[in-house]
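> Next come a sequence and a model predicted from it.
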Amino acid sequence: MATESRTLAAASAGAAFALMFASADAGQHESRQLDSHEHGVTEMNVALDDDLLYVELEAPAMNFVGFEHPPRTAEQNKAIAETLTALKNPPAIFSVAAAANCTTLEANAKHLLDADDETGHSDHEEHDDHEEHNDSADHSEFVANYRLRCTRPEELRSIRIELFDAFPLTTEVETSFIGLETQSFGELTSSNPELSFEP
Amino acid sequence: MGSAATVLMLARESLANRRATAILTILSIAISSALLLGVERIRTETRSGFMSTVSGTDLIVGARSGDINLLLYSVFRIGSPTNNITWQSYQEIAGQPVVDWSIPISLGDSHRGFRVMGTNTDYFRYYRYKRSRMLTFAEGQAFEAVFDTVLGADVAEELGYRLGEQIVIAHGAGATSFIQHDDKPFTVVGILDRTGTPIDRTVHVGLEGIEAIHADWNEGGRAPGQSLSAEEVLELDLQPEAITAFLLGLKSRVATFGLQRKINEYPQEPLMAIIPGVTLQQLWQLIRGVEVALLAISLCVVIAGLIGMLSAILTSLGERRREMAILRAIGARPWHILALMTSEGALLAVIGVSLGIALVTGLSFLTAGWLKQRFGIFLPVQWPGPIEWLFAGLVLAAALLVSLWPAWRAYRNALADGLSVRI
């Protein structure tokens, strides 16, 4: 795993360089920015607006299926399909207080082979020396978003991440929350899976 | 019941007889518990102070650097910005349909050690602190003219300014500056109510005011032979070209992450957007290790204090064998001896911890002003909170537990010695 990711890192660093020079030729005004990509870390954003709870999730495919290249075998295709099915089932991903009485309005999940897709991703704050490198075509990721309507949103005091059981390669979910009055952030793990909305 | 009171009285009298050791023991408990409570208080109060400074702001946008850096300079006036951002980018982002309101911020000047912040009147309308509280005026109103200024409560109080007074703004953010914008003084038109946040220590002026005092400046200094009078400056176009950062409130929280991503990938200018509460939590995570270390050190000091008490009581046992024997001879039961020794420990601990609480409260009262001035930390003088009471209770319980040991030894001695003791 470690050596594999190191060669992956080297390969993608090479690709990143090639990309940089290619765009340098392309012209002055083209912006050259690459996002970071950290294996094992999944990002989840949670927003609460009145009675609407919005959750979005973004994870390197490595965290869910253990590979990032385009699927080559039937087995790999199956793994991706199964992950997408799991991602479309909110209770397997996260849970909130039952008393809030939330119903899912929408649950979407996608597997993006080209990480430079328009769905984009925000910057990672942590820069662990290894297992992190710039995006290139070698990477793929899963993105999902959910919309829930809650009849008693005042009962929503925290969110609990449930996906650690189904996806043991996911070790950490960086969860951000924004509400009307409070904002919160936590690096959630299977032993500490809950983020309080009240920091 | 009567015998319990007697035991307590005996403990008190016995302690009074060994005054010097007792006072030293009490002092060591007081200082160690004061340290523990003080560390806890500073930890919780800085947190809640930072937390209450900004409320209801969905995003803070500045030049791309570190997110904690951006949070610290834009809201807490700590540190300095790396770059300015262009007015054009500000206009483009503030004009997005999801944006409800925006507050531009321009930093870099100071007035006698207080930071000067350029902004517009939306600041007074939309800025919220401490759970949606609005800024209110103690006197006067928001600035209107270019050379108007609104002062934070501390600025007005410490410098003794009143409405109508003229003040001069200095270039740069240091406490003393040799370059003064003295040809263009500002008039105090408003003083804000106290907020308990860095706003109290800020001089607010309009963005045009910031632009105006720098209008005849070039390359960071006053251009020779080109000085413009205050009247001439007003003729100019005072639309700023750059600001330091801006705050955004969105129509819907749901749009926050999308807009944040858009700003972070803004192609025309390297900008960065942060959610203040999220970045604050990241800052706490960063310093959590230091907090734990501080707490561990103060716990060790408490343990050292308790061991000091234990050794003082144990040492006294030898010299008090006769005291115990006499007590037994005049009718004290062995359990009376046990109670006497435990209540002695309890008495020392209760006095020590109470003194510790008094010490912390007194010290926080004495240092509050200095902490505010020096570090921008607002430490309210208040009664200990629930966690502090818990800590105090734990120290007490530990002291009781510890004093059981000498009590047990005295009890055993009392049973064995009888009156046959030879000293």
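It's in.

> wait, isn't B:G140 in contact with B:L163?
Yes: counting by CB atoms under 8 Å, B:G140 does reach B:L163; the two are 5.0 Å apart. To be clear about C-beta, it is placed using only N, CA and C from the backbone, and glycine gets the same treatment.

> These two: which is more packed in?
When B:G140 and B:L163 are compared on other CB atoms under 10 Å in any protein chain shown, the one with more neighbours turns out to be B:G140, at 17 against 14.

> Stretch A:181-189 near chain B anywhere?
Yes: residues of stretch A:181-189 contacting chain B under CB under 8 Å from any CB of the partner chain: A:E181, A:T182, A:Q183, A:S184, A:F185, A:G186, A:E187.

> What is the neighbour count of the residue nearest to the first one when sequence neighbours are not counted?
This points to A:E181. Closest residue in space to A:E181, ignoring its immediate chain neighbours: B:R131 at 5.6 Å, by CB to CB, 6 or more residues apart in numbering or on different chains. B:R131 is flanked by 11 other residues according to other CB under 10 Å.

> Which stretches in chain A count as strands?
A:36-38, A:41-49, A:52-60, A:94-96, A:102-112, A:132-134, A:141-150, A:158-161, A:172-178, A:183-188, A:194-196 (DSSP state E).

> Those strands: lowest mean pLDDT?
Sorting these by mean pLDDT places strand A:132-134 lowest, at a mean of 42.

> got a pLDDT number for B:L72?
Looking at B:L72, the pLDDT reads 90.

> Touching both of B:G140 and B:L163, which residues are there?
Taking CB atoms under 8 Å, 6 or more residues apart in numbering or on different chains as the contact rule, B:G140 and B:L163 both touch B:V188, B:V189, B:G190, B:I191.

> Could you identify the buried members of those residues?
Among the shared contacts of B:G140 and B:L163, those scoring as buried are B:V188, B:V189, B:G190, B:I191 (criterion: 16 or more other CB atoms under 10 Å in any protein chain shown).

> before we move on, the earlier item: please identify the most buried of the strands of chain A.
strand A:172-178 (a mean of 24; mean count of other CB atoms under 10 Å in any protein chain shown).

> which outside residues touch that one?
A:40-48, A:124-125, A:159, A:161, A:163, A:183-189, A:195, A:197, B:58, B:253, B:256-257, B:275, B:277-278.

> Among the strands of chain A, which comes closest to B:P198?
strand A:183-188 (18.5 Å; CB to CB).

> one step back: just checking, which of the buried ones among the shared contacts of B:G140 and B:L163 belong to strands?
Filtering those for strands - DSSP E - leaves B:V188, B:V189, B:G190, B:I191.

> what's the neighbour count on the closest residue to the first one other than its chain neighbours?
In space, not counting the residues next to it along the chain, B:V188 is nearest to B:E165; the distance is 4.7 Å by CB to CB, 6+ apart. Close neighbours of B:E165, defined as other CB under 10 Å, add up to 16.

> near chain A, which residues of chain B?
Counting by CB under 8 Å from any CB, chain B sits next to chain A at B:51, B:55-56, B:58, B:67, B:131-132, B:252-254, B:256-257, B:260-261, B:264-265, B:267, B:272, B:275-282, B:285.

> Taking those residues, please make a PyMOL selection of just the buried ones.
A single PyMOL command suffices to select whichever of the residues of chain B next to chain A are buried according to 16+ other CB under 10 Å:
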select buried, chain B and resi 51+55+56+58+67+253+254+256+257+260+261+264+272+275+276+277+278+279+280+281+282
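
> Spit out the contact partners of residue 186.
Picking chain A for this. A:E174, A:T175, A:N192, A:L195, A:S196, B:Q281.

> try again with chain B
Here B:F186 is in contact with B:F147, B:D148, B:T149, B:Q166, B:I167, B:V168, B:I169, B:V205, B:G209 (criterion: CB under 8 Å, 6+ apart).

> List the single closest residue to it in space, sequence neighbours excluded.
B:F186's closest residue in space is B:T149 (CB to CB, 6+ apart), at 4.1 Å.

> For B:A22, which of the strands of chain A is the nearest?
Using CB to CB, the nearest of the strands of chain A to B:A22 is strand A:194-196, at 45.7 Å.

> Just want the residue of chain B that's nearest chain A.
Residue nearest to chain A within chain B (CB to the nearest CB): B:G277, separated by 2.3 Å.

> Check chain A for the residue nearest chain B and tell me.
A:Q183 (2.3 Å).

> ok, back up a step: what residues are recorded as beta-bridge partners of the residue nearest to B:F186?
Bridge pairing for B:T149 (DSSP bridges) gives the partners B:V188, B:V205.

> so how far is B:H171 from it?
16 Å (CB to CB, to the nearest Å).

> Look at those two and report which has more neighbours.
The neighbour count for B:T149 versus B:H171, taken as other CB under 10 Å, is higher for B:T149 (26 against 20).

> tell me the contacts of that one?
B:F143, B:I167, B:F186, B:T187, B:V188, B:V189, B:V203, B:H204, B:V205, B:G209.

> 6 Å instead, please
Applying CB atoms under 6 Å, 6 or more residues apart in numbering or on different chains, one finds that B:T149 lies in contact with B:F186, B:V188, B:V203, B:V205.

> Which of the residues you listed sits closest to B:I297?
B:I297 lies nearest to B:V203 out of the contacts of B:T149, by CB to CB, at 39.3 Å.

> looking at this, the closest one is in a strand?
Yes: judged by DSSP: H, G, I helix; E, B strand; the rest coil, B:V203 forms part of a strand.

> Would you map the strands across the stretch 1-150 of chain B?
B:59-63, B:85-86, B:99-111, B:114-119, B:128-129, B:133-134, B:137-140, B:148-151 (DSSP state E, counting those that start in this stretch).

> now the stretch 201-350 of chain B
B:202-206, B:217-218, B:221-222, B:242-243, B:245-250, B:271-274.

> Could I get the ones you listed in JSON lines, plus columns for distance to B:V290 and mean pLDDT?
As requested, these are arranged in JSON lines below (distance: least, CB to CB, whole Å; pLDDT from 0 to 100):
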{"stretch": "strand B:202-206", "distance to B:V290": "28", "mean pLDDT": "93"}
{"stretch": "strand B:217-218", "distance to B:V290": "41", "mean pLDDT": "58"}
{"stretch": "strand B:221-222", "distance to B:V290": "41", "mean pLDDT": "57"}
{"stretch": "strand B:242-243", "distance to B:V290": "33", "mean pLDDT": "90"}
{"stretch": "strand B:245-250", "distance to B:V290": "27", "mean pLDDT": "94"}
{"stretch": "strand B:271-274", "distance to B:V290": "22", "mean pLDDT": "93"}
